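Colleague: curious how this folds, go ahead:
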Amino acid sequence: MDDNQSVGSWRELGSHFGTVVVLGGGVLVGAVNIYLAASLLPTAVADIGGERLYAWNMTVFLTAQVVATMLVSRTLSRRGNVGSYLVGFGVFAVGSVVCAASPVMPVLLVGRGAQGLGAGLLTGLGFALIYSALPRHLWVRGSALISAMFGLGNFVGPTLGGLFAQFGSWRLAFVVLAVAAGVMAAFAPHVLPKSGRTEAEAVPVPLGSLMLVIGAAGAVSVAGILSNDVMMGVFIALALALVTAFAVTEKRSQVRVLPRPTYQTGSALRWVYLTIVFLAAGVAVETFLPLFGQRLGGLPPVAAGFFGAALSLGWSASQVVSSSAHQQRTIRWLRVTGPGVLAAGFAVLALLQHRNAPLLLVIAWLPLLLLAGTGIGLAMPHLSVAAMASTPDKEEGGKAAAAIATVLTMSTAFGAAVAGLLVNLGGPSMVTSARYLLLGFAAISTLGMLTALRANHLAQPTEARRGTEATQTAGND
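Modeller: Here you go, the predicted model:
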């Protein structure tokens, strides 16, 4: 058996430049929007009021984003590649214009909901079109590049948001987002591969699953803004119950959001998705890193913000290197090692949290954050490809690719709520809060190692068959 997997070069990916720009640009505008909006909201509230609805800006956005990722397959079947991207960019642009023109906070929330729908659709389309628009040997490169857009958004978003907020031009920032989406929409028809509508084959909307996911996302979002630990725990428990009900409903239903192999005995796909959940949830730690940098390390806001983005920097940079792996043995090792590296980085960082930490100790936090982020980048591209390659059925494979965005978005929402709970549990001591947060997510990341091991074990027979087929094909040639 040949243990190698063909991996195209970055140069070859460049031959699909236009397609990659649209796929990556769609993910990037959504990622930038998350952090840009967070930076602008204090200025917006000072201008139009609505402080009591402040936290609902993220709640509305995340809930809409989760829902939209679940409608990617249906949108593609009805609108095709180009039409789906025009819908995604169009809805996002309209939402941005509504935000820019908002006279009061409720109107801003409507705009944020539209932005979430557009961003969720664009994120799901990015993964779906990697599957359908790129040759198989470029899936890893494409997944690495698309996923890296999330990390890039962590840099661009706060920078732009801070710049516009500094000059009191928060409305202009949303106008810039609308213009960027409009430019990408104009570019898309000229570079994306065409695909026709298949309305006759379009499946009904899985309303039951959708309602359960909306409920779970809403419960998690509410949990993340509560200050009462007991009520926060109640809402997280409710969200977990709704997710369980979602899985049961999906397994029994003929109309599913997740692909059929997710629920088949002996399939590795469910374990791949769970590994993505445990790995991506760790990004929620970034929300509190600037706070710890300022309160415990005495860093100025700009420097503390950079520490907060270090995790994403490690994630984005390591994917470029990780995507070059081509031996199945190495790929299986990276899937397990990634969560382990993330867990180790968080655990060691937790031990280095002290009040009034000396400068040298604070500086030591930076390589640990980069290391932790590297763990995400080592595994994520190969987990994405494992999901895409989980079934030979083209329709189910497309669903598996699109569902990556749903899994990522849900894990982000759950991670944010769990992070808020851990920080509150550690209060009022900032040191204890930091240690609870970091050790808690170290434990969550460790679970990712266990699910990755299980996924590898179940996937080996399939990989062996593929390797034998590849060898036979080479011999025939």
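Colleague: going forward, measure contacts between C-alpha atoms and count neighbours the same way
Modeller: Will do.
Colleague: quick one: the strands in the stretch 1-150 of the chain, in order.
Modeller: Read by DSSP state E, counting those that start in this stretch, the stretch 1-150 of the chain holds no strands at all.
Colleague: which intervals of it have sub-threshold pLDDT?
Modeller: For the stretch 1-150 of the chain, applying pLDDT under 70 flags the ranges 1-8, 55.
Colleague: show me where it has its helices.
Modeller: 10-14, 17-48, 56-69, 72-101, 105-133, 139-166 (DSSP state H, counting those that start in this stretch).
Colleague: and among those, the most buried is which?
Modeller: Each of these was scored by mean neighbour count; the highest is helix 105-133, a mean of 27, by mean count of other CA atoms under 10 Å.
Colleague: low-confidence stretches in the stretch 301-450 of the chain?
Modeller: Within the stretch 301-450 of the chain, the stretches with pLDDT under 70 are 301-302, 305.
Colleague: switch to 90 and redo it
Modeller: 301-328, 354-363, 381, 384-385, 388-430 (pLDDT under 90).
Colleague: next up, identify which helix or strand the most centrally placed residue in the chain is on.
Modeller: Geometric centre of the chain, nearest residue: Leu408, 4.0 Å, by CA atoms, centre = their mean. Using DSSP states H and E, Leu408 falls within helix 394-426.
Colleague: by contact count, what packs against that helix?
Modeller: Helices and strands touching helix 394-426, as assessed by 3 or more CA pairs under 8 Å, 6 or more residues apart in numbering; DSSP states H and E, comprise helix 56-69, helix 72-101, helix 105-133, helix 207-225, helix 229-252, helix 269-280, helix 359-388, helix 430-476.
Colleague: save those helices as a markdown table, and put in distance to Gln319 too.
Modeller: Shown next, in a markdown table, are the helices and strands packed on helix 394-426 (distance: least, CA to CA, whole Å):
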| stretch | distance to Gln319 |
| --- | --- |
| helix 56-69 | 23 |
| helix 72-101 | 25 |
| helix 105-133 | 16 |
| helix 207-225 | 28 |
| helix 229-252 | 30 |
| helix 269-280 | 14 |
| helix 359-388 | 4 |
| helix 430-476 | 18 |
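Colleague: so which of the ones you listed gets nearest Leu13?
Modeller: Of all these, helix 105-133 sits nearest to Leu13, with 11.0 Å by CA to CA.
Colleague: what's the angle between the closest one and helix 56-69?
Modeller: If you take axes from the mean of the first three to the mean of the last three CA atoms, to 10 degrees, helix 105-133 sits at 30 degrees to helix 56-69.
Colleague: show me how far helix 105-133 is from its chain's centre.
Modeller: Remark: helix 105-133 is offset 12 Å from the chain centroid, using CA atoms, centre = their mean, to the nearest Å.
Colleague: packing partners for that helix?
Modeller: On a contact count with 3+ CA pairs under 8 Å, 6+ apart, helix 105-133 meets helix 17-48, helix 56-69, helix 72-101, helix 139-166, helix 394-426.
Colleague: hmm, try it at 10 Å
Modeller: helix 17-48, helix 56-69, helix 72-101, helix 139-166, helix 359-388, helix 394-426 (3 or more CA pairs under 10 Å, 6 or more residues apart in numbering; DSSP states H and E).
Colleague: to Ser9, which of these lies closest?
Modeller: Closest to Ser9 of the helices and strands packed on helix 105-133, according to CA to CA: helix 139-166, at 7.7 Å.
Colleague: may I see the buried residues of the helix or strand just after the closest one?
Modeller: Moving toward the C-terminus from helix 139-166, the next helix or strand (DSSP H and E) is helix 170-191. Judged by neighbour count (16 or more other CA atoms under 10 Å), helix 170-191 contains these buried residues: 170-175, 177-178, 180-182, 184-185, 187-189.
Colleague: what's the answer for stretch 355-364, then?
Modeller: Neighbour-count burial for stretch 355-364 flags Ala357, Val362 (criterion: 16+ other CA under 10 Å).
Colleague: so Ser318 is in which element?
Modeller: Element membership for Ser318, per DSSP H and E: helix 301-322.
Colleague: neighbours of Trp333, just the number please.
Modeller: Residues contacting Trp333 under the criterion other CA atoms under 10 Å number 16.
Colleague: okay, the angle between the strand or helix carrying it and helix 269-280?
Modeller: Counting by DSSP H and E, the element that carries Trp333 is helix 328-351. Orientation note: helix 328-351 sits at an angle of 40 degrees relative to helix 269-280 (the same axes, to 10 degrees).
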